[in-house]
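>>> have a look; sequence and predicted model below, questions after that.
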Amino acid sequence: MITKIYSYEKDGQAYDVYKLQNAQGAYAEILTYGGRLHSLCVPDKNGDLLDVIVGCKRYEDYFEENPYFGATIGRYGNRIGGGGFTLNGTYYPIETNEKGNTLHGGIQGAFNAKCWKAEVRGETLVLSHTSPDGESGFPGKLDVSVFFTMTDENALVIEYAAVSDKDTVCNLTNHSYFCVGRQDTVLDHELMIKSRQMTPVDDELITHGEFMDIDGTPYSFYEGKLLGKDMFSNAKFIKQCNGYDFNYCLEREGDGLEHFAYVYDRESGIKMDCYTTLPGVQLYTACSTGGFKGKKNYVNHCALCLETQCYPNSPNCPQYPTTTLKAGEKYNETTVYKFSVVK
């Protein structure tokens, strides 16, 4: 069941909040502002609902500065280095917003600050947005739709669709911060990521077409381990980031929807299994959220993000899977976060 539960205005623009509730009573709350996931309440081992999303306290608070809490990210999730890229022999300078680089689509055209149009289609909430040709420097008019479904199996399904009238680049994701327990940090969460390689970064967290084998290193979660085990390792990139902020190259069998990770908290009993059609995932462990006042006062490492994606800086790295979306071609990708209880 999908209902509109709240409406508010900002600078003359109306925004809405929708609640997606399944037959088990689990539910998600989604904002048209930024296509944001505000809450996701699922049962723990005692049958009590727990909100597993870290974010702002009030719906209106997302207008204030925050680290992309719950947002739909585009046109290009993650970073593009150097403020531009070449496509079909033409160089496109794009808007920069982080040390001369472009993070999560820039500023003017960033999807996380747009008002999305909402439509209810049965048990699915469809959010749509059009980014005009040249916005933030990206070529092509890009029409985007994001489909949110809360299934009776306690799975949140997020499907992305896009089409452009010119060749462009496209890399969409969701920036939700998850904590599947009641602790202040996720250090006691067990995490598995099906990856044996990551893309190393420079001092500005930009990738340059390289791959790094991570088996047996503090970066690996292939066998599953507690996040706190290596969170404060002296490993170069972990120390640089005060935790994890890296793209993992997923070990895939094909092009369809595949299981790539799980997160488990023994205390709550909640397990989140993750599936995607995409080749990579950015693990971010809320390395700088300390002091943010949201649903509660947050500390560093209060949550983790699993942002499914193509690889960062792919428009400048032909070694990586392409993010080029040709004119008229359809972009279709899916990510699923499914919740269960382990007693």
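Structure's in. What do you need?

>>> identify the residues contacting residue 144.
Residues in contact with residue 144 (C-beta atoms under 8 Å, 6 or more residues apart in numbering) are 74, 111, 128, 129, 130, 131, 160, 161, 162, 172. Where C-beta positions appear, they are placed from N, C-alpha and C, glycine not excepted.

>>> wasn't the fifth one part of a strand?
What it means is residue 130. Yes: counting by DSSP: H, G, I helix; E, B strand; the rest coil, residue 130 falls inside a strand.

>>> what's the neighbour count on it?
The number of residues packed near residue 130 is 12, by other C-beta atoms under 10 Å.

>>> in the sheet, who's paired with it?
Beta-bridge pairing for residue 130 (DSSP bridges): residue 143.

>>> quick one: low-confidence parts of the stretch 51-200 of the chain?
Across the stretch 51-200 of the chain, nothing is flagged by pLDDT under 70.

>>> ok so, going back, which one of the contacts of residue 144 has the most neighbours?
Of those, with other C-beta under 10 Å as the count, residue 172 tops at 28 neighbours.

>>> wasn't residue 82 part of a helix?
Yes: checked against three-state DSSP, residue 82 lies within a helix.

>>> what sits against it?
100, 101, 206, 316.

>>> does the last one really touch residue 80, like I thought?
Read it as residue 316. Yes: between residue 316 and residue 80 there is a contact at 6.9 Å, judged by C-beta atoms under 8 Å.

>>> re earlier: tell me which of the contacts of residue 82 is nearest to residue 247?
residue 206 (11.0 Å; C-beta to C-beta).

>>> neighbours of the closest one, how many?
21.

>>> from residue 36, how far out is it?
Distance from residue 206 to residue 36, counting by C-beta to C-beta, to the nearest Å: 26 Å.

>>> distance of residue 30 relative to residue 227?
Counting by C-beta to C-beta, the gap from residue 30 to residue 227 is 27 Å.

>>> who has more neighbours out of those two?
residue 30 (29 against 21).

>>> now the helix or strand that contains that one, how far from the chain's geometric center?
Using DSSP states H and E, residue 30 maps to strand 27-31. The chain centroid and the centroid of strand 27-31 are separated by 15 Å under C-alpha atoms, centre = their mean, to the nearest Å.

>>> elements contacting that strand?
Helices and strands touching strand 27-31, by 3 or more C-beta pairs under 8 Å, 6 or more residues apart in numbering; DSSP states H and E, are strand 13-21, strand 36-43, strand 142-150.

>>> report how many residues lie close to residue 184.
Count around residue 184 with other C-beta under 10 Å applied: 14.

>>> now the one 4 residues further on
Each residue near residue 188 was counted by other C-beta under 10 Å, and the total is 14.

>>> my guess is it contacts residue 181, does it?
Yes: Residue 188 sits in contact with residue 181 when judged by C-beta under 8 Å, with a separation of 7.0 Å.

>>> quickly list what's touching both of the two.
Taking C-beta under 8 Å, 6+ apart as the criterion, residue 188 and residue 181 both touch 265, 267.

>>> how about the strands of the stretch 151-300 of the chain, start to end?
Secondary structure of the stretch 151-300 of the chain (DSSP state E, counting those that start in this stretch): strands at 155-164, 168-169, 173-174, 177-178, 190-193, 195-198, 212-213, 225-226, 245-250, 258-264, 270-276, 280-284.

>>> between those, which one is closest to residue 293.
strand 177-178 (14.5 Å).

>>> by contact count, what packs against the closest one?
strand 53-54, strand 305-309.

>>> can I get the ones you listed in a markdown table including mean neighbour count?
Supplementary listing: the helices and strands packed on strand 177-178 in a markdown table, determined by neighbours: other C-beta atoms under 10 Å:
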| stretch | mean neighbour count |
| --- | --- |
| strand 53-54 | 24 |
| strand 305-309 | 25 |
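
>>> quick one: closest of those to residue 252.
With C-beta to C-beta as the criterion, residue 252 lies closest to strand 305-309 of the helices and strands packed on strand 177-178, at 11.8 Å.

>>> quick check: mean pLDDT of the closest one?
Per-residue pLDDT over strand 305-309 has a mean of 98.

>>> put the alpha carbons of the strand ranked longest in the chain into CSV.
If you go by DSSP state E, the chain has its longest strand at strand 330-341. Taking C-alpha atoms only, strand 330-341 is exported to CSV below (Å, rounded to 0.1, in the frame of the first residue of the first chain):
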residue,chain,number,x,y,z
LYS,A,330,17.7,2.8,-22.6
TYR,A,331,19.5,2.7,-19.3
ASN,A,332,18.0,0.1,-17.0
GLU,A,333,19.6,-1.1,-13.7
THR,A,334,18.2,-2.6,-10.5
THR,A,335,19.4,-2.8,-6.9
VAL,A,336,17.6,-4.7,-4.1
TYR,A,337,18.0,-4.5,-0.4
LYS,A,338,16.3,-7.5,1.2
PHE,A,339,15.8,-7.9,5.0
SER,A,340,15.4,-11.0,7.0
VAL,A,341,16.0,-12.1,10.7
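
>>> please identify the buried residues of it?
For strand 330-341, the neighbour count (16 or more other C-beta atoms under 10 Å) marks 331, 333, 334, 335, 336, 337, 338, 339, 340 as buried.

>>> can you list contacts of it?
Contacts of strand 330-341 (C-beta under 8 Å, 6+ apart): 26, 40, 42-45, 52, 153-163, 170, 172-174, 178, 180, 257, 269-278, 306, 308, 325.
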